[in-house]
Each structure stands twice: as C-alpha cells, then as structure tokens.
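1. Kindly return the folded structure for what I paste below:
(one chain, ligands or ions: 1)
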Amino acid sequence: MAKTDVRVDTWDACVDFPIFDAKTRSLKKAVIGAAGGVIGANDSRTVVVEALRDINLHLEHGARVGLVGHNGAGKSTLLRLLSGIYEPTRGSCRVQGRVAPVFDLGVGMDPEISGYENIIIRGMFLGMTRKAMEAKTAEIAEFSELGDYLEMPLRTYSTGMRVRLALGVVTSIDPEILILDEGIGAVDAEFMKKARARLQALVERSGILVFASHSNEFLAQLCDRALWIDHGQIRKDGGIEEVVHAYQGEEAAAQVRKVLAEHDDKRPGGRA
Ligand SMILES: Nc1ncnc2c1ncn2[C@@H]1O[C@H](COP(=O)(O)OP(=O)(O)OP(=O)(O)O)[C@@H](O)[C@H]1O
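-> Presented below is the predicted three-dimensional model:
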C-alpha cells in the first residue's frame, strides 16, 4: 500500500460493553468513578460500561501517538478498536493499512514447537509472509542470544528467554500500522537497553504508531503527539509535553522535556 494511503479514521466512535450479570437496581444513574469508564444502563435495563465515547481520530502516515489516562480510561479499548478486535457500538472506524497489534508479547507463541518455528509463526501472526520471516531468522537469532535453544521447544525456555525471542520477532517486522500496549516495557533492564534501539528503529519504519503507556519516559522516546483519554473521551490532543502537562502537571512535563532533549541530541545533526 502506498504511504499516503495508510491511515486511521474514527468518526464519533463509541464502544459499550453490556454486562448481563450486573444488577441495574443498585446503580446510581451514570456512575463516574476515579477509575474505569462510565457505568450506565441501556434501554432494555442492561448495565453497560461506556468504555469509549465519541472518538474522532484522524491519523496519517508518520503519526506517532501516545495514549495517556487513568486506569480504565479506555486506552486498551481504543487500541483494540483500531486493531479491528472490537467494532464500534455506534459511530464508525476505518483503518487502511496492515495492522500489527502487539498487546502481549507472548500471544501467538506455541510452547510445543521450536524457537525457530515460533519466529516464523509469530511473524505471520503480525502480518508478515513466511518468506519474509525466513529471511529475518538469522538476525533475530543473533539479537535474542538464545543460541542452540532456538532448536528446542519453547516450553523449555524461562520467562526471560521467551521475552527475548518475542521482542526479537516483534521488533523485526515492517508494519504499516503499529499498535503497542505497554506490556512491552516490562522486561529486564539490561536487555531492554538493547531492545530499545530496535524498538525505536521499528517505530521509525512503521507508518503509524499508537502506543498506550503509563511511562512518560517511554512515551516521550517513541511518540511526538499524545491523546489524554479520560472516562472514554479524548480530553486533550496535542504535543506530548503539552498533554502530559495537562494530565499530570509540571514535574511530569519536565521529565518529558528532558527525554525529548536527550533524544534530539542523539539524532543525526543533533547537538551531541
Ligand atoms: N471485556 C470487557 N468487558 C467489560 N468491560 C470492559 C471490558 N474491557 C474493558 N472494559 C471496561 O472498559 C473501560 C476501559 O477499559 P480499558 O481496558 O480500555 O482501560 P485502560 O485505559 O486501558 O486502563 P489501564 O490503564 O488500567 O490498562 C473500563 O471501565 C473497563 O472496566
């Protein structure tokens, strides 16, 4: 697909979750808590969680968008909507381009087959062809430093070894639209240092990135724009520093500025 054709659009998109085993009688009308989406009831008196409400989002090739917001704000639901896992209950959502959803590093891995075979399968799960993955196998093997273990079934790996393999695969793909949930940040620090450079390169060759995280440092490294999601709605859309400032205040914004400045220094033509 041509770069200009890769895009994501939503028009007044809403996602409701009906909860059939909850009682409406004990609910106050449209409850808003500190965490979670708005809880209400629909016309047939079924309890519904309004996870997303009236989302209007228009992203083009080159967009690097971070999602911030409280627990249960709707960030993961938005990522799932953009990945085609959820349909909007009302409104619409159109995604043009090959989507690579990375919610859980381990998803799509089979414990009974070897590391090598898992590289191919997981890559195909993320939209790559078998041939493209075969061409990347040697490089992924080198990055993961798993040596002969790659011939062994995945069930013989420790958790950290699985993460190495999964990160190797995820960072080797060429997605048009990359949807990242924050789980990816939770790996051992030493290995993550090495993985971050690959993650940054992955983001740079992706057409569009949407990344949900509670780590401002990580967000500032990968994104230049942010959306503050609050009880299912977009409360603010703007530069990452501006949005983090509105959401968490000056101290958090200062941390973002610091990361952005360090990042600038490392770019070709940067100050360092
Ligand atoms: N499968 C589901 N069934 C019912 N309610 C759901 C489901 N998934 C999410 N929700 C509700 O939708 C709302 C948004 O949840 P979501 O997981 O999108 O939040 P989040 O911003 O990703 O939160 P966190 O930062 O805690 O991961 C919450 O109120 C949650 O309870």
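2. check contacts around residue 18.
-> Residues near residue 18 by C-beta atoms under 8 Å, 6 or more residues apart in numbering: 42, 46, 47, 48. Glycine gets a C-beta too; all of them are placed from N, C-alpha and C.
3. List the beta-bridge partners for the third one.
-> Right, the one you point to is residue 47. residue 19, residue 41 (DSSP bridges).
4. tell me what the helix or strand bottoming out on mean pLDDT in the chain is packed against?
-> Sorting the helices and strands of the chain by mean pLDDT, DSSP states H and E puts strand 38-41 at the bottom, at a mean of 75. Where contact means 3 or more C-beta pairs under 8 Å, 6 or more residues apart in numbering; DSSP states H and E, strand 38-41 is packed against strand 47-60.
5. Give me the buried positions along the strand it packs on.
-> Neighbour counts over strand 47-60 (16 or more other C-beta atoms under 10 Å) mark 47, 48, 49, 50, 51, 52, 53, 55, 57, 59 as buried.
6. measure the closest residue to residue 117 other than its chain neighbours to the ligand for me?
-> The shortest distance from residue 117 to any residue that is not its chain neighbour, by C-beta to C-beta, 6 or more residues apart in numbering, is 7.5 Å, and that residue is residue 110. Between residue 110 and the ligand the computed distance is 25 Å (C-beta to the nearest ligand atom, to the nearest Å).
7. now residue 110: how far from residue 148?
-> Distance of residue 110 to residue 148, given as C-beta to C-beta, to the nearest Å: 19 Å.
8. Of these two, which one has the most company?
-> residue 110 (13 against 7; other C-beta atoms under 10 Å).
9. The more buried one contacts residue 124, doesn't it?
-> No: contact criterion C-beta atoms under 8 Å: residue 110 and residue 124 do not qualify, at 11.9 Å.
10. Output the below-cut-off pLDDT ranges for the stretch 51-200 of the chain.
-> 183-189 (pLDDT under 70).
11. 50 instead, please
-> Within the stretch 51-200 of the chain, no range satisfies pLDDT under 50.
12. for it, what spans make up the strands?
-> Secondary structure of the stretch 51-200 of the chain by DSSP state E, counting those that start in this stretch: the strands cover 64-68, 90-96, 99-102, 177-180.
13. Deepest-packed of those, please.
-> strand 177-180 (a mean of 26; mean count of other C-beta atoms under 10 Å).
14. Which neighbouring elements make contact with that one?
-> Counting contacts by 3+ C-beta pairs under 8 Å, 6+ apart, strand 177-180 packs against helix 75-82, strand 99-102, strand 208-212.
15. Output the ones you listed as JSON lines; include the columns distance to the ligand.
-> Listed next are the helices and strands packed on strand 177-180 as JSON lines, based on distance: least, C-beta to the nearest ligand atom, whole Å:
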{"stretch": "helix 75-82", "distance to the ligand": "3"}
{"stretch": "strand 99-102", "distance to the ligand": "14"}
{"stretch": "strand 208-212", "distance to the ligand": "6"}
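16. So which of the ones you listed is the most surrounded?
-> In terms of average neighbour count - mean count of other C-beta under 10 Å - the standout among the helices and strands packed on strand 177-180 is strand 208-212, at a mean of 25.
17. right, quick check: the helix or strand following that strand against the ligand, any contact?
-> Downstream of strand 208-212, the first helix or strand assigned by DSSP states H and E is helix 216-222. No: Helix 216-222 is not in contact with the ligand by C-beta under 6 Å from any ligand atom; minimum separation 12.9 Å.
18. How far off centre is helix 216-222?
-> Relative to its chain's centre, helix 216-222 lies at 13 Å (C-alpha atoms, centre = their mean, to the nearest Å).
19. what does stretch 166-182 give?
-> 9 Å.
20. for it, how far is the first residue from the last?
-> One end of stretch 166-182 sits 14 Å from the other (C-alpha to C-alpha, to the nearest Å).
21. from here on, count from 543
-> Right, with 543 as the first residue, what we last looked at is stretch 708-724.
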